[in-house]
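S.K.: give me a 3D structure for the following:
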Amino acid sequence: MHANRSFVAAAAVLAAGSAAIAGDILQKKDGSFSPAIKGTEAVQADYDASNTQVVDANVNEVKILITVGGKQMAQTQPSSGVIEIHMEPRDFPGHWKPAVEAYKAGDYRTAAATFKDIGTDDKVNAVVRQKALLFAARSVREGGTPAQAEAAYAELLKAFPQSFYTSKAYKDQSQMWMDAGDGAKARSYAEALLKLPGVSESDQLEARFLQNTVNLREAATKKDAAGIQKALEAYKALAQETAGKKDSAGVNQLARIGMGNCLLEQGNPAEAKGIFSEISERANEDAVTAAAFNGLGDCWFREGNFAESRRCFLRTATIYAEGTPGDQVARALYHSGVCFSKLQDSEDWKDRARRELNECIRRFPKSSWAELAKRALQSIGK
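M.R.: Here you go, the predicted model:
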């Protein structure tokens, strides 16, 4: 199951309205589940069959109760081995689902306020509260400024100084500041991730990926050929280090996407296209798939094939947006609109171009892509 989809999956199970719920499910770094589930995503029957209840979780350990022979036994598991905690649906309050729906609809102000209400309610399960404050911050990230989002993430870490979601908060903020063009802050959060007690190997690898991505973006902005080549070599080393490791598959794919981006900057879209195409077919996480399709869309765009470019960007915008960083979605919406404008291959091309561009502006008003979308709308005219 895609880790970023956990809150949506829980809401879907809530909608089923079953009262017979037994326990929680842990998702390990290698993608497996404990207790094991029958499919690829947890469904009601899996929760019903679980004998595990999560009492609390922090950056060091997950505290659980396991029922064996009618008796509960307290156990702990290292947090470094757990990628996500899928709480049983009854642990989520009734206003969780409206918060999710507001987030998916782009109503980030309502989503942020509702998630925050859940996160500050002492009667709610501690892990659900942590998850709620994380998504409150992510809602602010999508609908506000980086500084406002940084303050919202700080609220999570103030309420839960050793939060299980600390690594996610640091990774989110490193990516956020990178997208905002502040390399120093992006690096600072990647470094903070590396310094976390008991930081997992996969998080260490992801921190290295983030640091190198900052380096690439700065080199690309400066047209620094040597810097771009250095970033390419760093991505290659990371890809080789993680090759064949199941629990590092996501980082491996991100590193290879980084290689593709370097090749694009070096004026080699043909080779980059092969990397992006392969990953778009193999990736298991929406954010990785979206990055691959965006990269592929860039390749086609630079080659002047706007039909294929549009197809790729629309896949990100319509299929893989959930759980994908806002900058990637905004980028896809902007380019989709521009491709409609360049192709003019239907009677309603203007309406379709305006729809994508306006959606980019509506959902991501603070992004650089929104500014580009406004200019593109002006060029389309009435």
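S.K.: low-confidence ranges, the chain, go.
M.R.: 1-22, 382 (pLDDT under 70).
S.K.: domains of it?
M.R.: 3-91, 170-380 (automatic domain parsing).
S.K.: surely P325 and Q173 touch.
M.R.: No: using C-beta atoms under 8 Å, P325 makes no contact with Q173, being 11.4 Å away. Any C-beta I mention is one placed from the backbone N, CA and C, and that applies to glycine too.
S.K.: give me the more crowded residue out of the two.
M.R.: Q173 (24 against 21; other C-beta atoms under 10 Å).
S.K.: which ones are touching E150?
M.R.: When contacts are counted by C-beta atoms under 8 Å, 6 or more residues apart in numbering, E150 touches 173, 176.
S.K.: mind checking what helix or strand follows the helix or strand containing it in sequence?
M.R.: Under the criterion of DSSP states H and E, E150 resides in helix 146-159. Of the helices and strands lying after helix 146-159 in sequence (DSSP H and E), the nearest is helix 166-179.
S.K.: packing partners of that next one?
M.R.: If you count contacts as 3 or more C-beta pairs under 8 Å, 6 or more residues apart in numbering; DSSP states H and E, helix 166-179 packs onto helix 126-143, helix 146-159, helix 183-194, helix 201-222, helix 326-343.
S.K.: that one to helix 326-343, inter-axis angle?
M.R.: With axes from the mean of the first three to the mean of the last three C-alpha atoms, to 10 degrees applied, the angle from helix 166-179 to helix 326-343 works out at 40 degrees.
S.K.: just name the most buried of the domains of the chain.
M.R.: Ranked by mean neighbour count, the domains of the chain are led by domain 170-380 with a mean of 19 (mean count of other C-beta atoms under 10 Å).
S.K.: and the closest residue in space to C312 that isn't next to it in sequence, what does it touch?
M.R.: Closest residue to C312 apart from its sequence neighbours, by C-beta to C-beta, 6 or more residues apart in numbering: G297 at 3.5 Å. By C-beta under 8 Å, 6+ apart, the contact set of G297 is 308-313, 316, 332, 335.
S.K.: now the helix holding E150 and helix 183-194, what's the angle there?
M.R.: Here helix 146-159 runs at an angle of 20 degrees relative to helix 183-194 (the same axes, to 10 degrees).
S.K.: give the buried residues for helix 146-159.
M.R.: Within helix 146-159, the residues scored as buried using 16 or more other C-beta atoms under 10 Å are 146, 149-150, 152-153, 155-157.
S.K.: quick check, nearest of those residues to F340?
M.R.: Nearest to F340 among the buried residues of helix 146-159, counting by C-beta to C-beta, is P146 at 29.8 Å.
S.K.: checking G198 next. Helix, strand or coil?
M.R.: Following DSSP: H, G, I helix; E, B strand; the rest coil, G198 is assigned to coil.
S.K.: how near is it to E241?
M.R.: G198 sits 21 Å away from E241, going by C-beta to C-beta, to the nearest Å.
S.K.: same question for Y103.
M.R.: Distance from Y103 to E241, by C-beta to C-beta: 35 Å.
S.K.: and if you look at A149?
M.R.: Distance of A149 to E241, computed by C-beta to C-beta: 31 Å.
S.K.: which strand or helix spans the nearest residue to A136 once chain neighbours are set aside?
M.R.: Among residues not flanking A136 along the chain, F115 sits closest, at 3.7 Å (C-beta to C-beta, 6+ apart). Per DSSP H and E: F115 is located in helix 108-119.
S.K.: what comes up buried for that helix?
M.R.: 108, 110-112, 114-116, 118-119.
S.K.: elements contacting that helix?
M.R.: Short answer (3+ C-beta pairs under 8 Å, 6+ apart): helix 108-119 packs on helix 96-104, helix 126-143, helix 146-159.
S.K.: distance of M259 from E303?
M.R.: 19 Å.
S.K.: sorry, slip of the keys, the one I care about is Y189.
M.R.: 35 Å.
S.K.: what of A376?
M.R.: Look at A376 and E303: by C-beta to C-beta, they are 20 Å apart.
S.K.: over to L205?
M.R.: Taking C-beta to C-beta, one finds L205 at 32 Å from E303.
S.K.: from D247, how far out is K28?
M.R.: Distance from K28 to D247, counting by C-beta to C-beta: 8 Å.
S.K.: any chance of TSV for the buried residues of helix 108-119, columns distance to D56?
M.R.: Formatted as TSV, the buried residues of helix 108-119 follow (distance: C-beta to C-beta, whole Å):
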residue	distance to D56
Y108	29
T110	29
A111	25
A112	24
T114	23
F115	19
K116	20
I118	16
G119	15
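S.K.: which strands and helices lie in contact with whatever helix or strand A255 lives in?
M.R.: Using DSSP H and E, A255 sits within helix 249-265. Packed against helix 249-265 by the contact rule (3+ C-beta pairs under 8 Å, 6+ apart) you find helix 201-222, helix 225-242, helix 269-282, helix 286-302.
S.K.: contacts for it?
M.R.: 31, 202, 205-206, 209, 212-213, 216, 219-220, 228-229, 231-232, 235-236, 238-239, 242-243, 245, 269, 271-273, 275-276, 279, 282-285, 288, 291-292, 295, 298-299, 302.
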